[in-house]
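S.K.: need a 3D model of the sequence below.
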Amino acid sequence: MFDVLALGEILLRLSPPMNEKLVRGETFEKQVGGAELNVLSCAALLGLRAGIISKLAHNDIGEFARNRVRFVGGGSDDYLMNDDEKDGRVGIYYYENGAYPRKPRIVYDRAHTSMSRLSADEFPASMYSLTRCFHTTGITLALGEQVRTTAYEMIKKFKKNGALISFDVNFRSNLWSGEEARRTIEEILPLVDIFFCSEETARLTFKKSGNLKDMMKEFADEYNIGVIASTQRIVHSPKIHTFGSVIYEKCSDTFYEEPPYSKIEVVDRIGSGDAYISGVLYGILSENGSCAKALSFGNAAGAIKNTIPGDMQASLRGEVEAVIQSHRLKGNDCEMVR
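M.R.: Sure thing, here's the model as predicted:
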């Protein structure tokens with residue numbers, strides 16, 4: 001039995017070293033990532049049994065990615081399918097670090113990948129009764145009509161079998177328009193139990209108005225969503241961020257907040273929002289739906305990920321708990337872990 005299964009594309013990440021620019025650098029560091037993979041890998045490190053639902057080219061690059069899932073991500077590859085077509089390919093994204101005043105940059109090369117051929121028919125019916133929670137994102141819905149249809153089918157089947165449905169809008173303007181995203185996502189929102197949406201996306205994509213808490217309550221009332229979470233990030237510079245969040249629980253009509261993690265020294269911000277989601281899901285799934293625990297683990301996991309290179313989290317539950325304790329501590333704290 002799984003705690004979390006996540007549907008999404010696994011990507012090869014290529015980055016010039018340090019703060020080199022894409023247009024000038026001559027070498028790339030090779031890593032693996034993808035929003036849903038990042039979520040499940042962090043969830044596994046926190047102690048949940050997690051697995052990825054995806055499809056990879058059956059070649060050396062696909063095998064490299066599969067091995068990262070197995071040995072680094074910590075998740076199950078039981079539902080990671082092989083694409084045996086000769087033109088199968090793994091999607092790529094290129095990431096350039098920023099340094100003030102230069103912002104980070106991303107270039108995608110993910111058209112016609114093996115993931116775009118994924119069909120719900122490839123998976124056994126038993127899969128839909130083997131998890132407590134199913135997670136996917138707006139990125140997956142934006143990958144094309146076949147993947148979108150597959151995601152819809154899976155959401156309905158997992159929901160029918162009693163799984164919680166977790167959905168992160170994760171809007172990407174280079175994948176689809178705001179209007180297409182709004183129309184598509186609004187179709188599935190009545191099935192969603194745990195919803196992740198930033199204040200900016202609520203305003204620009206879903207045309208909501210008012211303050212953040214008003215918008216969160218409006219989503220909950222309109223679509224009967226049980227838990228809504230919104231991260232809050234202040235970018236002081238590419239290397240210095242402040243990170244926190246607000247969680248709303250509909251059944252108790254309660255907002256959960258805590259002081260943010262201030263002036264984080266950012267090594268790599270990619271995947272920090274995904275790590276946050278993992279922490280929230282861990283809190284909800286490990287302690288009878290505790291939004292208080294979800295808030296503390298989400299904020300801490302997201303804050304920590306900002307300090308770790310690559311897409312995926314690398315901190316076990318004990319380190320996250322230590323950061324939570326340190327964050328709550330008033331007064332002097334130890335400089336070093338001994």
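S.K.: can we go C-alpha only for contacts and neighbour counts from here?
M.R.: Noted.
S.K.: residues in contact with residue 142?
M.R.: Neighbour list for residue 142: 148, 175-176, 181 [criterion: C-alpha atoms under 8 Å, 6 or more residues apart in numbering].
S.K.: out of these, list just those in strands.
M.R.: Among the contacts of residue 142, no residue falls in strands (DSSP state E).
S.K.: now tabulate these in JSON lines and tack on neighbour count.
M.R.: As requested, the contacts of residue 142 are exported to JSON lines (neighbours: other C-alpha atoms under 10 Å):
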{"residue": "148", "neighbour count": "20"}
{"residue": "175", "neighbour count": "17"}
{"residue": "176", "neighbour count": "16"}
{"residue": "181", "neighbour count": "21"}
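S.K.: and which of those residues is nearest to residue 15?
M.R.: residue 175 (20.3 Å; C-alpha to C-alpha).
S.K.: tell me which helix or strand comes right after the host helix or strand of residue 299.
M.R.: Per DSSP states H and E, residue 299 falls inside helix 291-305. Of the helices and strands lying after helix 291-305 in sequence (DSSP H and E), the nearest is helix 317-328.
S.K.: helices or strands up against that following helix?
M.R.: Other helices and strands packing on helix 317-328, by 3 or more C-alpha pairs under 8 Å, 6 or more residues apart in numbering; DSSP states H and E, are helix 291-305.
S.K.: which elements pack onto the helix it packs on?
M.R.: Using 3+ C-alpha pairs under 8 Å, 6+ apart: helix 291-305 touches strand 240-249, strand 254-256, strand 261-265, helix 272-286, helix 317-328.
S.K.: and the contacts of that helix?
M.R.: In contact with helix 291-305 (C-alpha under 8 Å, 6+ apart) are residues 243-247, 249, 256-258, 260-261, 264, 268-269, 271-284, 287, 312-315, 320-321, 323-324.
S.K.: of these, grab the buried ones for ChimeraX.
M.R.: A single ChimeraX command selects the buried members of the contacts of helix 291-305 (16 or more other C-alpha atoms under 10 Å):
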select :243,244,245,246,247,249,256,257,260,261,264,268,269,271,272,273,274,275,276,277,278,279,280,281,282,283,284,312,313,314,320,321,323,324
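S.K.: can I get the helices and strands packed on helix 291-305 in CSV with distance to residue 293?
M.R.: Below are the helices and strands packed on helix 291-305 laid out as CSV (distance: least, C-alpha to C-alpha, whole Å):
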stretch, distance to residue 293
strand 240-249, 11
strand 254-256, 10
strand 261-265, 16
helix 272-286, 5
helix 317-328, 10
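S.K.: dump those to JSON lines, plus distance to residue 292 and mean pLDDT.
M.R.: Converted to JSON lines, the helices and strands packed on helix 291-305 look like this (distance: least, C-alpha to C-alpha, whole Å; pLDDT from 0 to 100):
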{"stretch": "strand 240-249", "distance to residue 292": "9", "mean pLDDT": "97"}
{"stretch": "strand 254-256", "distance to residue 292": "6", "mean pLDDT": "98"}
{"stretch": "strand 261-265", "distance to residue 292": "16", "mean pLDDT": "96"}
{"stretch": "helix 272-286", "distance to residue 292": "8", "mean pLDDT": "97"}
{"stretch": "helix 317-328", "distance to residue 292": "12", "mean pLDDT": "95"}
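S.K.: between these, which one is closest to residue 47.
M.R.: Within the helices and strands packed on helix 291-305, the stretch nearest residue 47 is helix 317-328; the backing value is 7.0 Å (C-alpha to C-alpha).
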